[in-house]
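[1] fold the following and give me the result.
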Amino acid sequence: MKNKDERVKFVLVAYNAVPGHVEDARKLAKEYGKNPSSWTDVAEYLKNISKPEFYNDSVVKFGYYNANHALEFVKEVLERYKHYLETVKD
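    Numbers count the residues shown, from 1 in each chain. Sure, this is the predicted structure:
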């Protein structure tokens, strides 16, 4: 992952979720022709891991996962960070 902003999102979601589920989502993204280093693509598959056709896929090692809370956590932290940056402008 070369993009710092993308990496931060992955770190935040891994903090809030089981890192294995994040890795499963990255594997699914790759399997379905998406970029496993793109937050947008991986977030889509994190959501999908709650569906049987995805959590039963052979690349998924950690099974079912409801990512709603973890994805909301990432969104809220990034929004709060942006707010703080705007509040303390030079």
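[2] could you pull out the buried residues of stretch 70-77?
    For stretch 70-77, burial by neighbour count (16 or more other C-beta atoms under 10 Å) applies to 70-71, 73-74, 77. Where you see a C-beta, it was placed from the backbone N, CA and C, and this is true even at glycine.
[3] same check on stretch 49-64?
    49, 54-55, 57, 60, 62.
[4] do the same with stretch 28-39
    For stretch 28-39, by 16+ other C-beta under 10 Å, it's 28-30, 34, 36-39.
[5] pipe these into CSV and attach secondary structure, pLDDT and distance to Pro19 per row.
    Listed next are those as CSV, based on DSSP: H, G, I helix; E, B strand; the rest coil; pLDDT from 0 to 100; distance: C-beta to C-beta, whole Å:
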residue, secondary structure, pLDDT, distance to Pro19
Leu28, helix, 98, 15
Ala29, helix, 98, 15
Lys30, helix, 98, 17
Lys34, coil, 97, 19
Pro36, coil, 96, 14
Ser37, coil, 94, 15
Ser38, coil, 95, 18
Trp39, helix, 96, 15
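[6] out of those residues, the closest to Lys82 would be?
    Comparing the buried residues of stretch 28-39 against Lys82 with C-beta to C-beta picks out Trp39 as the nearest, at 15.5 Å.
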